[in-house]
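Asker: no FASTA, just this:
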């Protein structure tokens, strides 16, 4: 028969076990809540991956050494040289869709670029600053006409054209790709050029400049409407008419 002392000892042991379990639960809960949100005054990091709960990659913030090589059409890009540091964005399918990057441009020069890509292809719009080590620079907003094909398909066609030994045939093949809308062409530029002029240039779908508005380095304004060959068909002031680009 269990004595009163034995019963009290058994109850005391049970109480101790329950108290321990409750304490452990509270401690684990506290650590779990703390782990969900942390506050840092300062942090040094080489790379941050922003992901969804599903594990899908949304954004990468990285230095140059650990920068993501990029993904196009579901395939990781092959890189011969490292990518610049910055922030890369990824769309709902996991492909890269643009980014904010920066880096050196020889000696004392540097560059900065914020671009967004067409689905499964390359940049369609971007802000860029490109400066050489001698201090000359170009900066502005650019837009491109991007073919509605995967990036690698376009790059393969460009590589095949570049592999043509004969210079005339190579140019003809590249022009054929442009005429067929199979390569990227620049449609728009608004900014400052290296000669210190400010320019608004609008081009047709084949990348041919058709409207040019400019303030020259000496402050003179100029507006030109151009034909397919780059000749001015109308200009302001009128004396610019007939000027060939």
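Answerer: That came through fine. A quick note: this is a predicted structure, and the numbers were derived from the prediction, not measured.
Asker: and residue 98, what element?
Answerer: Under the criterion of DSSP states H and E, residue 98 resides in strand 96-104.
Asker: which other helices and strands contact that strand?
Answerer: The contact analysis (3 or more C-beta pairs under 8 Å, 6 or more residues apart in numbering; DSSP states H and E) places strand 96-104 against strand 86-90, strand 110-117. Every C-beta, even on glycine, is put in place using the N, C-alpha and C of the backbone.
Asker: so which bits of the next helix or strand after the longest one are buried?
Answerer: Which is strand 110-117. Of the helices and strands lying after strand 110-117 in sequence (DSSP H and E), the nearest is strand 123-131. For strand 123-131, burial by neighbour count (16 or more other C-beta atoms under 10 Å) applies to 123-126, 128-131.
Asker: how about these in JSON lines, adding pLDDT and distance to residue 198?
Answerer: JSON lines is the format used below for these (pLDDT from 0 to 100; distance: C-beta to C-beta, whole Å):
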{"residue": "123", "pLDDT": "95", "distance to residue 198": "22"}
{"residue": "124", "pLDDT": "97", "distance to residue 198": "23"}
{"residue": "125", "pLDDT": "98", "distance to residue 198": "19"}
{"residue": "126", "pLDDT": "98", "distance to residue 198": "18"}
{"residue": "128", "pLDDT": "97", "distance to residue 198": "15"}
{"residue": "129", "pLDDT": "97", "distance to residue 198": "15"}
{"residue": "130", "pLDDT": "96", "distance to residue 198": "16"}
{"residue": "131", "pLDDT": "96", "distance to residue 198": "16"}
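Asker: show me where this protein has helices.
Answerer: Applying DSSP state H to the chain gives helices spanning 4-36, 151-162, 167-179.
Asker: and those, which one's lowest on average pLDDT?
Answerer: Between the helices of the chain, the one with the least mean pLDDT is helix 4-36; it has a mean of 67.
Asker: ok so, going back, given the strand holding residue 98, what are its sheet partners and their directions?
Answerer: strand 86-90 (antiparallel), strand 110-117 (antiparallel) (DSSP bridges).
Asker: from what I see, residue 95 and residue 75 are in contact.
Answerer: No. Residue 95 is beyond contact range of residue 75, at 9.1 Å (criterion: C-beta atoms under 8 Å).
Asker: the more surrounded of the two?
Answerer: Taking neighbours as other C-beta atoms under 10 Å, residue 95 and residue 75 compare with residue 95 leading, 20 against 12.
Asker: grab the nearest non-local neighbour of that one.
Answerer: Sequence neighbours aside, residue 71 is the residue nearest to residue 95 in space, at 5.3 Å (criterion: C-beta to C-beta, 6 or more residues apart in numbering).
Asker: tally up the residues packed near that neighbour, please.
Answerer: Residues lying near residue 71 (other C-beta under 10 Å) number 18.
Asker: one more: residue 226?
Answerer: Using other C-beta under 10 Å, residue 226 has 23 neighbouring residues.
Asker: pretty sure it sits against residue 233.
Answerer: Yes. The criterion here is C-beta under 8 Å, and residue 226 meets it with residue 233 at 6.8 Å.
Asker: any stretches of this structure with poor pLDDT?
Answerer: Within the chain, the stretches with pLDDT under 70 are 1-16, 22, 24, 26, 28, 30-36, 239-245.
Asker: ok, 80 please
Answerer: Applying pLDDT under 80 to the chain flags the ranges 1-38, 238-245.
Asker: distance from stretch 220-238 to the middle of the chain?
Answerer: In this view, stretch 220-238 has its centroid 34 Å away from the chain centroid, taken as C-alpha atoms, centre = their mean, to the nearest Å.
Asker: domains of the protein?
Answerer: Residue ranges for the domains of the chain, per automatic domain parsing: 1-39, 40-93, 94-240.
Asker: all set now, cheers.
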